[in-house]
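J.: Please find the sequence and the predicted model below.
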Amino acid sequence: MGNSGGGTATIYATAIDTRIKGAIPSCAFCSFVDSIGDKSHCECNYIPNIARYFDMADICGLIAPRPLVIVNGKDDGIFPLIPAENEFNILKEIYYNGSDKCRHVVGNEGHRFYAEPSFTEFKEITG
């Protein structure tokens, strides 16, 4: 679990390390073009040329079938909601196949962690 850059690290780590049994990345999920590629970020968010080959849904698809709760804020100016929702729709196609282990939580404010709904969804999909 992590927020912002920590959410990005959460996504990458969980995608490549199957020892991680589930993840809650917050304020880090969006298309690369509409977030990291469109905004000024610290260098820790960049992987050179990644958008030529993958987008965030593709990377998060590597987490399947492990539990994943994506968290966004509806007014997040860094990871905008509409492209995040579009990317989540792509992720659902990759992830689902009858699975309910992938959820999207949208908080009512901006770029921050939304603990209560995130933990509630994570508990629900992990039993």
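T.: On my side now, so go ahead. Residues are numbered from 1 along each chain as shown.
J.: can you tell me how far the most centrally placed residue in the chain sits from residue 62?
T.: For the chain, the residue nearest the mean C-alpha position is residue 29 (3.6 Å; CA atoms, centre = their mean). Distance of residue 29 to residue 62, computed by CB to CB, to the nearest Å: 14 Å. For the C-beta atoms, the positions are set from N, CA and C on the backbone; glycine is no exception.
J.: tell me which residues of the biggest helix by length in the chain are tucked away?
T.: Longest helix in the chain, counting residues (DSSP state H): helix 81-95. Using 16 or more other CB atoms under 10 Å as the test for burial, helix 81-95 gives 81, 83-85, 87-88, 90-92, 95.
J.: Next: stretch 51-63.
T.: Residues of stretch 51-63 classed as buried: 54-57, 59-61, 63 (neighbour count, 16+ other CB under 10 Å).
J.: repeat for stretch 10-19
T.: 10-12, 14-15.
J.: Okay, and which of those map to helices?
T.: 10-12, 14-15.
J.: Tell me where the model's unsure across this protein.
T.: The chain contains residues with pLDDT under 70 at 37-46, 98.
J.: Mind doing that once more with 90?
T.: By pLDDT under 90, the low-scoring segments of the chain are 32-52, 94-100, 127.
J.: That one: helices as residue ranges?
T.: 5-16, 56-61, 81-95, 115-126.
J.: Out of the ones you listed, which is closest to residue 48?
T.: helix 5-16 (14.1 Å; CB to CB).
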